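Visitor: My questions concern the predicted model and sequence given below.
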Amino acid sequence: MKAMARTPMRVPKTPRAAQSEKRRDLSAGKQQDPVNVFCRVRPLQSDADLTCMRVKNSTTIAVNAQDQLLHHKQNGAQREIQYIFKHVFQPDATQQDVFASVAQPLVDNLVRGRNSLLFTYGVTGSGKTYTMTGNSRHRGIMPRCLDLLFRTISDYQAKKFVFKPDKLNGFEILSEEDALLERQHEMNQRFAGAGRFAFRRKESDPEIASQASVEPTPLSGLDEDNMYSVFITYVEMYNNSVYDLLEDSGIQKSLQCKIIREDANHQMFVHGVTEVEVKTVDEALEVFQMGQKRKRMGNTVLNAESSRSHSVFNIRLVQAPTDCQGEQVVQDKHNITVSQLSLVDLAGSERSSRTKNTGVRLREAGNINNSLMTLRTCLEYLRENQQISPNPAPKKIPYRDSKITHMFKNYFDGEGQVSMIVCINPRMEDYDENMQVMKFAEMTQEVQIARATPIKPDLGLTPGRRKANKLFKIAVNNLNELGIPEAKQLEVDVGLVYSLGPDFPNYQMDSPEAECKIQELMEYLEQRIDRRRKLRANMDIKCDNFRQLLMNLDRDNLQLRTELASLKAVYKQERDRSAALENKVRIHESSIDVLNNTVSKRERQIQELTHKLNEQEQLLSQKEQQNEKQKKKFNSKLAVESDKNKREFDMKLREQRAKMQERMRIKDEKLRLVSNILQSEDVPSLPRSQSSEDMLNEKDRGGFTARTESSVPPTTRTERTDIYCTPRHGLAAANNRHRRSRSAGDKWLEHRAANPVPLGTIMQPYLKNRKSVTKLTDMKELTGHGTTKYCLVSQEADTDGDVETKLYKGNVIPTCGGGAQVVFDDVECLRQKSPVHSPTRKRPSNSNLSASAFGGPLPSTGLTSVQDVASRCNLGIEGHSNKKSKM
């Protein structure tokens, strides 16, 4: 049954006892559900530890005392005790398994507008905090609930500060302008680093794992026509006092104690608590981490990080319907629905005899045990009141004896679903504490909680209006992109649904709750009357709009008819004008065709002239190339002739110098002979020898004596039998007793220029065991290495630029004086020619030869060439250029 939200104006103030009695009477007719109790067994820390627990199946756990517990034995072995829960998680159960079975249904209740409470209970060190928050590798229930919630409402969140807490456990709806101012104020404080926004920095904490570790599937059943916002609070109960862990304490380091009050709807809340609006999971976890740093933790013998207080993390989901267009929230706070999920991490019960606590730690342990005992007492009295008959007076439940029970008394009175996770450490040392926890869990399962019915306002608006308006805007944008301007004038009507709501519920007036039923029926009738009034007002508005639309259409129709008549007259004039223009166009087109033909003829003439011009330019370029070739050819011939004349002049000059030197030598010999005659006493008769003049004349007539034995015949030698004959200089006598060893092989001495031209011929000269020199300055280079063969390499170029290489080969024969002479016996000629025959090419003559090795000119005749070769060999072998007479 749907009813309107209760307000202080409609609910009269009554005494608390009367209110509790009325609430109990109302909850008696509702469906009830037991408290869902789950059991999670912690894995043993060591394989050597003994256990007193054994999980039989998914719902049953067995507890038995082994022989090690001697003080628990009475009359032999004890019996096995079995406890049944809604679900028992094995020691190897994952955090996702626990979340899917325990917390995911509670998140679904939160989205649907129902309240839920989940708390963990157990001895110290049993894994309560790990189950609730997790660690760096495995996320707990709290971060997984936030992740699933934000994935479900991600596309339907309202802008920040649209919903604002009113400090009395309620919310207000701000206009768009006020919300914008609040967002700007928050941004300024964040930049200044002041207020509660200073801690909003991206930082990671090892206690909570990354958000990307799990990808939950969003929940179904979300009302898409509502706007949603998430608010969180984080408080702790320390020494039976309430503290706000998210309080902006400023300069004060200690937190201020808060009080628990009751709002106008009889809901318990912490007065003055800080409610932070968050939009993402990361932002919510940052807020949680700030409060976690202020939470009181301690070190005990049983647990290194023991919680010394009860912590309560509240997730509040605020939702409100949107307007008829599905864009803005309806500005009426009575249409707000607030649902809450409370995650409570209870501190573990502990015995001072085991923890050895003293001082502050002992006081903390006492307050923790007292609050847990109060919780157990409240649940036990609540169970007894539900089991006894209604006639006896029920026991008064002491909710106010502890802050933890005082805060959540509404849940036990039927304002939401209650679930509990019992954490068990199966070690043998915790047997006594575990037995007390098991008994408390068994008793809690017998408590019945009335099933809460969510109260959501029904404004009679069309369901799905938000999505319909979104699709309509997309369609209009697409039409605008296609160039249809009329799309901007289209409107969509997603207004009220003409229905008075569901049928009347069935009531029985003979029940004891008849007065309550009549009150609810009156509220239901008031809702229908209010609905009818709204629908009638909406119908009148639509009728007026439709009537106005018809009048506008009639006026537009008359105006369109007048415009149509004027347009027809204009159309006739334009048609006549277009016909005249078409005639002109035809005339101009014919003239354009004539001009195009003329232009095409001129273009063809230009192409022909351009072709002729190109041919003339090609002929001119060919003639220029031929002239350039002739010029190069004549320049090369001129250079060759100049070189030839220079060589002939140098040769004549050398011959003249040689003649003058020979004459001077003859005169010196004559003087020496005269001196010898004058110095000797007996002058024998001397036979007449060949005079020097005759020898000189003979040389002038063309006689030539080479320094090689193969070149000079024995008949040309003139031996002097006179004892006073002058010995010859410069002519080496061969050693007749010299014999060459054939087994040693030939050793060549190659005499070439310093920078020879590379040979490009197919046949290349091959000299085995050779040594190459560019100058012969010492006789040892010829005789010191056992050289037996000599090769002189000469290169020259003809008038066409072809390279000709000649190799003069000879034998090296030692002389009697310790020197050596060369006897030439072979000449090889290597010539490189162009494969293209030129008609102007001339055959090179012997007169064009040049010795590249020595750089001297050669004579024009063949004999002169041989003589020049002989002189060059003398220069190479003897190492000087002074020519002496040959006797």
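Guide: Yep, that arrived. Numbers count the residues shown, from 1 in each chain.
Visitor: Give me the mean pLDDT for stretch 96-108.
Guide: Across stretch 96-108, pLDDT averages out at 93.
Visitor: quick one: low-confidence ranges for the stretch 1-150 of the chain?
Guide: The stretch 1-150 of the chain contains residues with pLDDT under 70 at 1-30, 65-79.
Visitor: mind listing the helices for it?
Guide: 16-28, 95-98, 104-111, 128-132, 141-152 (DSSP state H, counting those that start in this stretch).
Visitor: Output the shortest one as PDB, restricted to C-alpha atoms.
Guide: When you say that, I think you mean helix 95-98. Taking Å, rounded to 0.1, in the frame of the first residue of the first chain, the C-alpha atoms of helix 95-98 are listed here in PDB:
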ATOM      1  CA  GLN A  95      35.700 -11.400  -0.600                       C
ATOM      2  CA  GLN A  96      33.500 -11.500  -3.700                       C
ATOM      3  CA  ASP A  97      31.600 -14.600  -2.400                       C
ATOM      4  CA  VAL A  98      30.900 -12.800   0.800                       C
END
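Visitor: i'd like the first residue to be 29 from this point on
Guide: Yes, from this point I'll number from 29; that puts the last item at helix 123-126.
Visitor: How far off centre is it?
Guide: Between the centre of helix 123-126 and the centre of its chain there are 34 Å (C-alpha atoms, centre = their mean, to the nearest Å).
Visitor: Likewise for the last one?
Guide: With C-alpha atoms, centre = their mean as the basis, the distance from the averaged C-alpha position of helix 169-180 to the chain average is 29 Å.
Visitor: got it, and stretch 284-303?
Guide: 50 Å.
Visitor: again with stretch 139-153
Guide: 43 Å.
Visitor: Tell me how many other residues crowd L835.
Guide: Using other C-beta atoms under 10 Å, the number of residues around L835 comes to 17. C-beta coordinates here come from the backbone N, C-alpha and C atoms, glycine included.
Visitor: Likewise for C451?
Guide: Neighbour number of C451 under other C-beta under 10 Å is 25.
Visitor: Next: R583.
Guide: By other C-beta under 10 Å, neighbour count at R583 equals 10.
Visitor: N508 versus that one, what's the distance?
Guide: 27 Å (C-beta to C-beta, to the nearest Å).
Visitor: With G249 instead?
Guide: Taking C-beta to C-beta, one finds G249 at 36 Å from N508.
Visitor: out of those two, which sits in the more crowded spot?
Guide: Neighbour totals were compared for G249 and N508, and N508 leads with 13 against 8 (other C-beta under 10 Å).
Visitor: Okay, strands next: where are they in the stretch 329-478 of the chain?
Guide: 334-335, 338-349, 365-373, 445-452, 476-478 (DSSP state E, counting those that start in this stretch).
Visitor: lowest-confidence stretch among those strands?
Guide: Among those, strand 334-335 carries the lowest mean pLDDT (a mean of 70).
Visitor: ok, the closest residue in space to S399 that isn't next to it in sequence - contacts?
Guide: Excluding its sequence neighbours, the residue lying closest to S399 (C-beta to C-beta, 6 or more residues apart in numbering) is S430, at 4.4 Å. Counting by C-beta atoms under 8 Å, 6 or more residues apart in numbering, S430 makes contact with 268, 398-399, 402-403.
Visitor: what's the closest of these to D351?
Guide: L403 (45.1 Å; C-beta to C-beta).
Visitor: quick one: secondary structure of G838?
Guide: Under DSSP: H, G, I helix; E, B strand; the rest coil, G838 falls in the strand class.
Visitor: where does this protein have its least confident helix or strand?
Guide: helix 720-728 (a mean of 45; mean pLDDT, DSSP states H and E).
Visitor: and after that one, which helix or strand comes next?
Guide: The C-terminal neighbour of helix 720-728 among helices and strands, as given by DSSP states H and E, is strand 776-779.
Visitor: isn't M296 right up against I288?
Guide: Yes - using C-beta atoms under 8 Å, M296 makes contact with I288 at a distance of 5.8 Å.
Visitor: Now do the shared contacts for these two.
Guide: Common neighbours of M296 and I288 (C-beta under 8 Å, 6+ apart) are 434-435.
Visitor: Now the longest helix seen in the chain: average pLDDT?
Guide: Counting by DSSP state H, the longest helix found in the chain is helix 542-707. In this model, helix 542-707 carries a mean pLDDT of 90.
Visitor: Mind giving me the packing neighbours of that helix?
Guide: helix 720-728 (3 or more C-beta pairs under 8 Å, 6 or more residues apart in numbering; DSSP states H and E).
Visitor: Surely R70 is in contact with K156?
Guide: No - look at R70 against K156 with C-beta under 8 Å: they stay out of range, at 9.7 Å.
Visitor: Between these two, which is the more surrounded one?
Guide: K156 (25 against 21).
Visitor: That one and H338: what is the separation?
Guide: 11 Å.
Visitor: which neighbours do those two share?
Guide: What both K156 and H338 touch, as defined by C-beta under 8 Å, 6+ apart, is the set 373-374.
Visitor: wait, P426 sits on Y409?
Guide: Yes - with contacts counted by C-beta under 8 Å, P426 reaches Y409, the gap being 7.5 Å.
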